[in-house]
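Peer 1: sequence and computational prediction follow.
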Amino acid sequence: MKYVLMFCADGDDVQRFASMTDADRAAQFEKVGAWFAENQARIIGGRQLAAPQSATTVRFGADGAPLLTDGPFLETNEVIGGYAEVEVADLDEALRMARSWPPRGAVEVRPIAEPGAEPDPEQR
Amino acid sequence: MRLLGDFDVAEEIVQDTLVIALERWRADGIPDRPGAWLTTAARRRAIDRLRRDGAYRHKLALLAAEPFAPADPDDRLRLIFTCCHPALSREAQLALTLRAVCGFTTAQIAHAFVVSEAAVAQRLARARRKIVTAGIPYRVPDADELDERLAQVLAVLYLMFNEGYLASADGPPTRRDLTADAAALTGLLGTLYPRHAETLGLLALIRLHLARAGSRFTAHHDLVLLPDQDRGSWDRVLIGDALALLDRAAALRRPGPYQLQAAIVACHTEARTWQDTDWPQILALYDLLLTHAPSPVVRLNRSVAVLHVAGPAAALGELDGLAAELDGYHLYHAVRGHVLVELGRREQARAAELRALALTANRAEQSLLRRRLGRSFSDSH
């Protein structure tokens, strides 16, 4: 099954990262690199995203007209820093990857909808 | 329906098809023969689903079967772990386990947890959908995950047992089905994981409770509290069995909340009379339990041990510290009422007992509190 692992952080996580020493930050990058290397066979895609401040959101109003706002869609102080698309046997394998994600914070594990799958009735 | 051989799945697909039809028809107009359109569409979707689901279909069929309760222990175990997967909410775990592992009907689950049948059906449908969509595996977890996964299963079984044993709902005061099923499943786990200390601990705890179950009610379904229970009627064979389990668990040197709770109950069963109860030992066990599972309810239970070791004033001090967290819990007010009686503060005791009475839906508990209130009323007048 395919999943997307979304690497999220809240305000505290961002703060913690910002206040790290250069050496600590380098060590963390190294661990993240090792995580990607270790999971290479499972990872089929994904990227790191630029800072949320660089986002522009296009919203469609009730009349269907697009409205642009400066900033990310998520209005809270939670940010998605990047994502990885993975192909694994089942949820447990995806969760195992998420659990070993070195920077901590939060990782949302979301299955990718299979082509032709019925949409979730509660989402319609 | 015949194509899928599985009512729930078929029903779900028909519903999905209908929703899609309504959307499509709104856009494209109603087809000439709407009935035939629906049948064809549903059939196509069913075939799609059969192709796609593969391995999951078998699992879904198991979860939908009513009653299911597989006899093969391996299948049963896989099913338990799937139903109690940590990616599901505790409520969903509990409902799925009752339905798929124990073979309860939706109506029986609704009755046990005082919610509507529709709510249970929706909870079950949502949980099944999550299992399929999220790819929750149908297998026994690997060794490195086993501890955490077993903890999930034990939590569900303990909830099940407690719901049956204490029965918060209106109706007969205890529900044997739930307790018997929880005991049997925990027994199965104890056989399969004889070196998992907390599994043995929960099994010991359940057996110690069951050993005393008969003495908890009078012939008229009135609740009998521990000091007044006929200790001669306790099942000594079951108690011996539980104590042996507890020894085996202790030898594994992995203490945990279930073992400690069982040890506390064991202290009560070892006392030949209420007066012989080893309260300092019980208090020490509660202190240890608090380090493993700090919760207001554990602190409430500990306050009873404080009452016997250090007196009512000390116990009241402990209880006052819990007021904010436990104000909506009937047993908090029942214990507080008891401690206030010991202190001779009858008016306050009465107020606490009235509050406890207002908060419980259990008939046996209501009747006990009414009897207590009647007594304190006649004492003070």
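Peer 2: Arrived safely, thanks for sending. Residues are numbered from 1 along each chain as shown, chains lettered A, B, ... in the order given.
Peer 1: and the residue lying closest to A:Val79 once chain neighbours are set aside, what is it in contact with?
Peer 2: Among residues not flanking A:Val79 along the chain, A:Pro52 sits closest, at 4.6 Å (Cβ to Cβ, 6 or more residues apart in numbering or on different chains). Just so you know, the C-beta spots here come from the backbone N, C-alpha and C atoms, and that holds for glycine as well. For A:Pro52, the contact set (Cβ atoms under 8 Å, 6 or more residues apart in numbering or on different chains) comprises A:Gly71, A:Pro72, A:Leu74, A:Val79, A:Ile80.
Peer 1: one more time with 10 Å
Peer 2: A:Ala9, A:Val14, A:Gly71, A:Pro72, A:Phe73, A:Leu74, A:Asn77, A:Glu78, A:Val79, A:Ile80, A:Gly81 (Cβ atoms under 10 Å, 6 or more residues apart in numbering or on different chains).
Peer 1: how near is it to chain B?
Peer 2: Counting by Cβ to the nearest Cβ, to the nearest Å, the gap from A:Pro52 to chain B is 27 Å.
Peer 1: for A:Val32, same thing?
Peer 2: When distances are taken as Cβ to the nearest Cβ, A:Val32 and chain B turn out to be 22 Å apart.
Peer 1: secondary structure element for that residue?
Peer 2: Element membership for A:Val32 (DSSP states H and E) is helix A:22-38.
Peer 1: B:Ala324: which of the contacts of A:Pro52 is nearest?
Peer 2: Distance ranking of the contacts of A:Pro52 against B:Ala324, using Cβ to Cβ, places A:Asn77 first at 29.0 Å.
Peer 1: give me every residue that touches the nearest residue to the closest one once chain neighbours are set aside.
Peer 2: When the adjacent residues along the chain are set aside, A:Asn77 lies closest to A:Gly11, with 3.9 Å between them (Cβ to Cβ, 6+ apart). A:Gly11 is in contact with A:Thr76, A:Asn77, A:Glu78, A:Val79, counting by Cβ under 10 Å, 6+ apart.
Peer 1: and the helices in the stretch 201-350 of chain B, which stretches?
Peer 2: Assigned helices in the stretch 201-350 of chain B, in chain order: B:236-251, B:257-270, B:279-292, B:296-310, B:312-320, B:323-326, B:330-342, B:346-359 (criterion: DSSP state H, counting those that start in this stretch).
Peer 1: returning to what we had before: list the contacts of the helix holding A:Val32.
Peer 2: Taking Cβ under 10 Å, 6+ apart as the criterion, the residues outside helix A:22-38 that touch it are A:7, A:16-21, A:43, A:46, A:48, A:82, A:84, A:97, A:100-104.
Peer 1: B:Leu150: which of the helices of the stretch 201-350 of chain B is closest?
Peer 2: Relative to B:Leu150, the nearest member of these by Cβ to Cβ is helix B:257-270, separated by 11.0 Å.
Peer 1: okay, the angle between that closest one and helix B:279-292?
Peer 2: Counting by axes from the mean of the first three to the mean of the last three Cα atoms, to 10 degrees, helix B:257-270 points 170 degrees away from the direction of helix B:279-292.
Peer 1: CA atoms of helix B:257-270 as PDB?
Peer 2: Extracted as PDB, the C-alpha positions of helix B:257-270 are listed here (Å, rounded to 0.1, in the frame of the first residue of the first chain):
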ATOM      1  CA  PRO B 257      -0.700  -1.600  37.000                       C
ATOM      2  CA  TYR B 258      -2.700  -4.900  36.500                       C
ATOM      3  CA  GLN B 259      -0.300  -6.900  38.700                       C
ATOM      4  CA  LEU B 260      -0.500  -4.200  41.400                       C
ATOM      5  CA  GLN B 261      -4.300  -4.000  41.400                       C
ATOM      6  CA  ALA B 262      -4.400  -7.800  41.600                       C
ATOM      7  CA  ALA B 263      -2.000  -7.600  44.500                       C
ATOM      8  CA  ILE B 264      -4.300  -5.200  46.300                       C
ATOM      9  CA  VAL B 265      -7.400  -7.400  45.800                       C
ATOM     10  CA  ALA B 266      -5.200 -10.400  46.900                       C
ATOM     11  CA  CYS B 267      -4.600  -8.600  50.200                       C
ATOM     12  CA  HIS B 268      -8.400  -8.500  50.700                       C
ATOM     13  CA  THR B 269      -8.900 -12.100  49.900                       C
ATOM     14  CA  GLU B 270      -6.100 -13.200  52.200                       C
END
